[in-house]
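Student: no FASTA, just this:
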């Protein structure tokens, strides 16, 4: 996963590309508060090639009587190793403490002893400028669809980039609709109603948005289907929000296809509008994207460089 990258994709479906940096599960696009998308390279250390695995809701499922304690059951409450991502998702090894080389594949996905994005240098990182009080856009793409939902958060870099810092400033989404966009052209997007919530979230009252693309109602979410963007007779886990602008078929599926060495067929970006708080002081920040999965005990996090500036008194606030 990357945050803060361009929303264009490579023609090779086996590896999506963003500003020249490959990733293997999802893409996050951080746009400036203007209509034209900007190509933003990986920030401080935004790469998280696989999720932070085996994370569960503290205390078990609050509904009682269910073994399902995946992170989306209580958004924001499950712990993470890093708010900006761990390469491989298993920094303590698999199993924990195992004597194994860096990059050893782990059961259930990911690999061992990857580095924390916060300790990784990305010399080509780009900083996106936002205006306090403005409305901006951010987007992300799916390679493997694990359901759940997501939140965006800000932390001032001088305060130290910790999960606690990011949870102090969760961003609100703007409006009750979102978009799916194909490629860098913002005219090639489809709008539909978003499913957002503040109920039972952490921090209390923070706003989260459901991943709008349904996986298939079959074991594994449809990873064994012939195409990653279509479900078989079993259908999707919930109704598709819209049709594919390219094929005209419903947007649905696991995205990856196991029989094709995990080719991903979901070549689009999920775009939301966000409100930058007018109270934000000028300075350098990190934007963290946190995706709490429902289908797996995984959390995906990644970060982008943001510079916030005050609005000029003689100019209206910019809206994307």
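Tutor: Received it, and whenever you're ready, just let me know what you need. The structure displayed is predicted, hence computed values, not measured ones.

Student: all strands of the stretch 151-300 of the chain, in order?
Tutor: Under the criterion DSSP state E, counting those that start in this stretch, strands of the stretch 151-300 of the chain are mapped to 172-173, 177-181, 189-193, 196-197, 208-210, 256-257, 263-264, 269-275, 283-292, 298-309.

Student: and if you look at the stretch 1-150 of the chain?
Tutor: Using DSSP E, counting those that start in this stretch, strands in the stretch 1-150 of the chain cover 16-18, 21-23, 26-30, 52-53, 89-90, 111-112, 127-131, 135-142, 149-156.

Student: Which of those has the lowest mean pLDDT?
Tutor: Mean pLDDT per stretch puts strand 16-18 lowest among the strands of the stretch 1-150 of the chain, at a mean of 22.

Student: any chance of the strands of the stretch 151-300 of the chain in JSON lines, with mean neighbour count, distance to residue 123 and mean pLDDT too?
Tutor: Where C-beta positions appear, they are placed from N, C-alpha and C, glycine not excepted. As requested, these are exported to JSON lines (neighbours: other CB atoms under 10 Å; distance: least, CB to CB, whole Å; pLDDT from 0 to 100):
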{"stretch": "strand 172-173", "mean neighbour count": "18", "distance to residue 123": "32", "mean pLDDT": "99"}
{"stretch": "strand 177-181", "mean neighbour count": "21", "distance to residue 123": "29", "mean pLDDT": "97"}
{"stretch": "strand 189-193", "mean neighbour count": "15", "distance to residue 123": "32", "mean pLDDT": "97"}
{"stretch": "strand 196-197", "mean neighbour count": "14", "distance to residue 123": "37", "mean pLDDT": "98"}
{"stretch": "strand 208-210", "mean neighbour count": "21", "distance to residue 123": "32", "mean pLDDT": "98"}
{"stretch": "strand 256-257", "mean neighbour count": "22", "distance to residue 123": "30", "mean pLDDT": "89"}
{"stretch": "strand 263-264", "mean neighbour count": "22", "distance to residue 123": "28", "mean pLDDT": "86"}
{"stretch": "strand 269-275", "mean neighbour count": "22", "distance to residue 123": "25", "mean pLDDT": "97"}
{"stretch": "strand 283-292", "mean neighbour count": "25", "distance to residue 123": "17", "mean pLDDT": "97"}
{"stretch": "strand 298-309", "mean neighbour count": "25", "distance to residue 123": "12", "mean pLDDT": "94"}
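
Student: Tell me which of the ones you listed sits nearest to residue 106.
Tutor: Between residue 106 and the strands of the stretch 151-300 of the chain, the shortest separation by CB to CB is 11.7 Å, and it involves strand 298-309.

Student: The closest one packs against which elements?
Tutor: Applying 3 or more CB pairs under 8 Å, 6 or more residues apart in numbering; DSSP states H and E, we find strand 298-309 packed against strand 26-30, strand 52-53, strand 127-131, strand 283-292.

Student: quick one: low-confidence parts of the stretch 51-200 of the chain?
Tutor: 51-67 (pLDDT under 70).

Student: now stretch 271-286: how far from the chain's centre is it?
Tutor: Computed by CA atoms, centre = their mean, to the nearest Å, the chain-centroid distance of stretch 271-286 equals 17 Å.

Student: can you check stretch 241-255 too?
Tutor: 19 Å.

Student: quick check: mean pLDDT across it?
Tutor: Stretch 241-255 comes out at a mean pLDDT of 93.

Student: Now do the end-to-end distance for it.
Tutor: 16 Å (CA to CA, to the nearest Å).

Student: what does that stretch contact?
Tutor: 142-145, 180, 182, 188-190, 192-193, 212-216, 220-223, 225, 227-231, 236, 240, 264-266, 268 (CB atoms under 8 Å, 6 or more residues apart in numbering).

Student: 6 Å instead, please
Tutor: With contact meaning CB atoms under 6 Å, 6 or more residues apart in numbering, stretch 241-255 is reached by 142-145, 182, 190, 192, 212-215, 221-223, 228-231, 236, 240, 264, 266.

Student: filter these to the buried ones?
Tutor: Buried by 16 or more other CB atoms under 10 Å: 142-145, 182, 190, 212-215, 221-223, 228-231, 236, 240, 264, 266, out of the contacts of stretch 241-255.

Student: Neighbours of residue 90, how many?
Tutor: Neighbours of residue 90 under the rule other CB atoms under 10 Å: 28.

Student: again, but for residue 258
Tutor: For residue 258, using other CB under 10 Å, the count is 14.

Student: Not counting sequence-adjacent ones, nearest residue to it?
Tutor: The shortest distance from residue 258 to any non-neighbouring residue, by CB to CB, 6 or more residues apart in numbering, is to residue 223 (4.8 Å).

Student: so how far is the first residue of stretch 85-101 from its last?
Tutor: 20 Å.

Student: Which positions within that stretch qualify as buried?
Tutor: In stretch 85-101, counting by 16+ other CB under 10 Å, buried: 85-91, 93-94.

Student: next one: stretch 153-172
Tutor: Those would be 153-157, 161, 163, 165-167, 169-172, for stretch 153-172 by 16+ other CB under 10 Å.
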